[in-house]
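Asks: sequence first, then the predicted structure, then my questions.
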Amino acid sequence: MAYLHALREFTAGLLARVPAVCGLCHDSARGGQLCSYCYQAVTQSMTTGVPRCQVCQLALDSRGGCPDCDQHAPAFDRVIAAFDYAAPGDLLIYRLKVERQFTSASMLAGLLADAVQASSLTLPESLVLVPVPASRAALLRRGFNPAAEIAYGLARRLNRPCRPGLVLRAREGAKQSQLGRLARMRSTQSLYACAQHLQGAHIAVVDDVLTTGSTLHSIAQALKAAGAASVWGLVLARTPYHSGEH
């Protein structure tokens with residue numbers, strides 16, 4: 001862990017000082033970030049004025065109701081997302097999680113930090129960041145936890161503490177990407193646990209993608225059962241709703 005922390009800090013410092021290429025189009029950029037064109041392309045859907053759920057940030061249709069929150073009242077309080085999980089932003093997630101581009105985590109954390117700072121919401125001063133813990137199989141496959149890498153970079157930019165061991169997996173669950181919406185809710189029930197007392201604490205759970213909110217909901221339940229006063233979700237990408245999913 002000490003080695004990874006040192007590597008993370010060294011990489012972030014190095015990228016901030018040397019000329020680099022855009023993490024999406026590979027054109028010239030600065031500090032390991034996206035070029036201005038790709039930055040706009042990735043984040044523009046969050047700034048178009050499309051109505052969104054005030055809790056989970058899902059883009060809403062003409063009916064106005066949130067198909068996720070209306071069906072299952074979430075245990076978490078609010079979500080801030082950097083971009084929608086759609087082209088071209090989804091490619092950034094793919095490169096981090098599938099192609100294991102470890103160094104892109106710093107750039108992605110920067111996108112999320114920008115979204116937090118641009119949001120009309122004000123984070124509690126005592127907020128603690130907690131990454132979604134990865135499964136054992138995912139850690140063995142990738143060699144790192146993407147959510148944790150994003151959380152470390154975000155904590156540095158927001159000047160907030162990051163406590164990756166605060167939430168633990170109580171068991172190994174099914175791979176979420178292979179499940180539908182209802183199956184996701186069932187598979188994450190009692191999947192996470194918090195062994196510490198958190199009376200009055202404000203927690204932000206950091207993850208790469210929020211799809212149905214089932215993971216964040218389950219973690220928020222565990223945190224609030226331990227005494228947390230509020231649980232936020234800080235995520236890179238919010239998956240659009242598809243009515244055909246079950």
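Replies: Structure's in. What do you need? Computed from a predicted model, the values in this text were never measured in an experiment. Residues are numbered from 1 along each chain as shown.
Asks: which is the succeeding secondary structure element to the lowest-mean-pLDDT helix or strand in the chain?
Replies: Averaged element by element with mean pLDDT, DSSP states H and E, the chain has its least confident helix or strand at helix 181-187 (a mean of 55). Downstream of helix 181-187, the first helix or strand assigned by DSSP states H and E is strand 192-193.
Asks: who's in contact with A82?
Replies: Going by Cβ atoms under 8 Å, 6 or more residues apart in numbering, A82 touches V42, T43, M46, G89, L108, L111, L112, D114, A115, V235, L236, A237. All C-beta spots, glycine's among them, are computed from the backbone N, C-alpha and C.
Asks: can you tell me the element S106 falls in?
Replies: Using DSSP H and E, the element containing S106 is helix 104-118.
Asks: which other helices and strands does whichever helix or strand comes after that helix contact?
Replies: Per DSSP H and E, the first helix or strand lying C-terminal to helix 104-118 is strand 128-131. Judged by 3 or more Cβ pairs under 8 Å, 6 or more residues apart in numbering; DSSP states H and E, strand 128-131 is in contact with helix 146-158, strand 202-210.
Asks: tabulate those (JSON lines), appending mean neighbour count, mean pLDDT and distance to A220.
Replies: Below are the helices and strands packed on strand 128-131 laid out as JSON lines (neighbours: other Cβ atoms under 10 Å; pLDDT from 0 to 100; distance: least, Cβ to Cβ, whole Å):
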{"stretch": "helix 146-158", "mean neighbour count": "23", "mean pLDDT": "95", "distance to A220": "15"}
{"stretch": "strand 202-210", "mean neighbour count": "24", "mean pLDDT": "97", "distance to A220": "7"}
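Asks: circling back: where does confidence bottom out across the contacts of A82?
Replies: pLDDT across the contacts of A82 is lowest for M46, at 93.
Asks: can you tell me the element the closest residue to that one other than its chain neighbours falls in?
Replies: Using Cβ to Cβ, 6 or more residues apart in numbering and skipping residues adjacent in sequence, the residue nearest M46 is F83, 5.9 Å away. Element membership for F83 (DSSP H and E) is strand 78-84.
Asks: what's the angle from that strand to helix 146-158?
Replies: Angle, strand 78-84 to helix 146-158, by axes from the mean of the first three to the mean of the last three Cα atoms, to 10 degrees: 100 degrees.
Asks: tell me who's in contact with the closest residue to A225 other than its chain neighbours.
Replies: The shortest distance from A225 to any non-neighbouring residue, by Cβ to Cβ, 6+ apart, is to C194 (7.3 Å). Applying Cβ under 8 Å, 6+ apart to C194 gives the contacts L166, V167, L168, A222, L223, A225, A226.
Asks: kindly recompute the last result at 6 Å.
Replies: V167, A222, L223, A226 (Cβ atoms under 6 Å, 6 or more residues apart in numbering).
Asks: check which residues of the host helix or strand of the third one are buried.
Replies: Element membership of L223, judged by DSSP H and E, is helix 214-225. Taking 16 or more other Cβ atoms under 10 Å as the neighbour-count basis, helix 214-225 is seen to contain the buried residues S214, T215, L216, H217, S218, I219, A220, Q221, A222, L223, K224.
Asks: just give me the closest of those to L154.
Replies: L216 (15.5 Å; Cβ to Cβ).
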